[in-house]
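1. Fold the stuff below for me.
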Amino acid sequence: MKLSNRVLNRTLLARQHLLERSDLTVAQLCDHLIGLQAQDMLPPFIALWSRVRDFDPAVVSAGLEDRSLVRITLMRGTIHLVTPPDALRIAPHIQPELEKVPFRKGFNYGAMVGLDPDEVRAHGESVLGDAPMSAADLREQAAKLYPDRDPGAVLQTWLYQLPVLQTPPRGRWRDSSRPVWSRVEPWLGAPLDPGYPLEELLLRYLRAFGPATTMDMQTWSKMTGMKPAVAKLGDRVRTYTDERGRTLYDAADAELADPDLPAPVRLLGWYDNAVLSHQDRSRILGDDAPPPLRAFATAVAPILLDGFLSGLYKVFTTRDTARLRISPSTKWTAADRAAVEAESHALLAFLEPGLDHSVEILDLGADLRP
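-> All right, here's what the predicted structure looks like:
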C-alpha cells in the first residue's frame, strides 16, 4: 500500500498529539514520545504546552526534583527529558556511539588523540564519583590531570564517555542555571539496563513517529543496526511504501490518520523532535528542501500551519514586554494569519504571563531580528 505525504503528515501529527491536545500526564507523554528534546530549558515546556491540555509547568520542575523525570544525553547525543526507566534502558544503546566521538581527529581539533580512552574514562569516573558536580569543577580537575590538554575537551570527553544526566535546578521552569552533572546510576539509585532490546525501542519509535524507513530510525537515534532489529519484530510490524517507492515500517496494530483531518496551528519549541526525527522530513516540511539553517538556531522555532512548516517565530523579551515575531515561509490567507496570531497570543500568555504582549507577523521570508 502506498502512502501519500499527507497521510504521513497527519499520522505523525496524531501520534505526536499535535492534532489535539492530550490528557496524558507529563510522564506518560515523555514515555510515548521517547523523551522530549531538552537541550535548552524552554523547548520541553513548549513541547508539552503544545501537546497537553491544561499543562502545568510546575509538574516538570517537581519531577526533576523528585527524580521521576531526568534530563539525560540520549538520541543524537542531545539532552532529552525522559522518565527514569527510559534513562536506564536507552542509555546503554546510545553510549557505544557516544564514546567513539572524543577520540576522532575531528573532535576539538584532535584534542584527545593519543590518549588511552579507558584511562580517560577511569579518571572521569573517579572525579565525578557519586555526587553531582558542576562543569566548572569538572574542568578544574581535568586541568590538573591533563595539564597539556584543553580542559574543556577533557570535560566534554567525560560527558560523552560516562552515562550522565543534568541535575536540578537546571531544567526547572524559568530556571536557566548552568548544568550540574551526575552519573546516572547514583542519581537514580538503580543500575543501567543493557538488556532492553533495540527492536522494542524501534517499535516505540514507530508508534510515535511512524510509519518510517530504517534511515529515519537511524536519523532519530544516531544508532546503527536498524534493519536487523526491525527484522526481529517479525509480524509485529507491517510495511508500506511512500510516494518514492521506499519501504516504510509501522507497528502492525497502529492506525493511519485520515489525510483530510484538520490540523490546528501549532507553535513548537526549537529542536522539536517532530521536525528532526526523520531523514526525509518532507512529511512535515512539505518538500525535500532542507529547512533554512536559522530554523535550527537557538530560540528560533517552527510554526505548523495545516500540519506543515509554514513559518518561524522567536520571542523577544524586555523587562516589561514580550514580542513574538513571525516570519512566514508560505503565503497565508487572512484566516491563517488570524489562527496563527491567536495561538501566538496563547503561547505568550503561557510563557510570559506578567508582561505586555505583542504578536508581529512580518512579510514573507523576513528576518526575525527586530
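2. Relative to residue 304, how far out is the residue nearest to residue 278 when sequence neighbours are not counted?
-> Among residues not flanking residue 278 along the chain, residue 216 sits closest, at 4.3 Å (CB to CB, 6 or more residues apart in numbering). Every C-beta, even on glycine, is put in place using the N, C-alpha and C of the backbone. Distance, residue 216 to residue 304, by CB to CB, to the nearest Å: 19 Å.
3. For the spatially most central residue of the chain, grab phi and psi.
-> Centroid check for the chain by CA atoms, centre = their mean gives residue 37 as the closest residue, at 2.2 Å. Main-chain torsions, residue 37, degrees, to the nearest 10: phi -60, psi 120.
4. That one bridge partners, please.
-> Counting by DSSP bridges, residue 37 is bridged to residue 80.
5. Burial check on residue 298, number of neighbours?
-> Residues near residue 298, counting by other CB atoms under 10 Å, number 12.
6. Residue 266: neighbour count?
-> By other CB under 10 Å, the burial measure for residue 266, its neighbour count, is 23.
7. Go ahead and confirm it touches residue 49.
-> No - contact criterion CB atoms under 8 Å: residue 266 and residue 49 do not qualify, at 10.1 Å.
8. can you map out the helices along the stretch 1-150 of the chain?
-> With DSSP state H, counting those that start in this stretch as the criterion, the stretch 1-150 of the chain has helices at 5-15, 26-32, 42-51, 58-66, 84-100, 117-128, 135-145.
9. let me redo that: the stretch 251-370 of the chain
-> Secondary structure of the stretch 251-370 of the chain (DSSP H, counting those that start in this stretch): helices at 273-276, 282-285, 334-351.
10. Looking at the ones you listed, spot the one closest to residue 172.
-> Proximity to residue 172, assessed across those by CB to CB, is greatest for helix 334-351 (14.8 Å).
11. Any buried residues in the closest one, and which?
-> Using 16 or more other CB atoms under 10 Å as the test for burial, helix 334-351 gives 336, 339, 340, 341, 343, 344, 347, 348, 351.
12. which one among those gets closest to residue 364?
-> Nearest to residue 364 out of the buried residues of helix 334-351 is residue 336 (CB to CB; 12.1 Å).
13. From residue 265, how far off is the spatially closest residue to that closest one that is not a sequence neighbour?
-> Distances taken as CB to CB, 6+ apart place residue 305 nearest to residue 336, at 5.8 Å, with adjacent residues excluded. Going from residue 305 to residue 265 by CB to CB gives 6 Å.
14. likewise residue 85?
-> Going from residue 85 to residue 265 by CB to CB gives 34 Å.
15. burial of residue 148, as a residue count?
-> Using other CB under 10 Å, residue 148 has 4 other residues around it.
16. pLDDT at it, what is it?
-> Per-residue confidence for residue 148 comes out at a pLDDT of 91.
17. With residue 192 instead?
-> pLDDT recorded at residue 192 is 97.
18. picking that back up, output the helices of the stretch 251-370 of the chain as a markdown table; include the columns mean pLDDT and distance to residue 125.
-> Shown next, in a markdown table, are these (pLDDT from 0 to 100; distance: least, CB to CB, whole Å):
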| stretch | mean pLDDT | distance to residue 125 |
| --- | --- | --- |
| helix 273-276 | 96 | 30 |
| helix 282-285 | 94 | 40 |
| helix 334-351 | 98 | 39 |
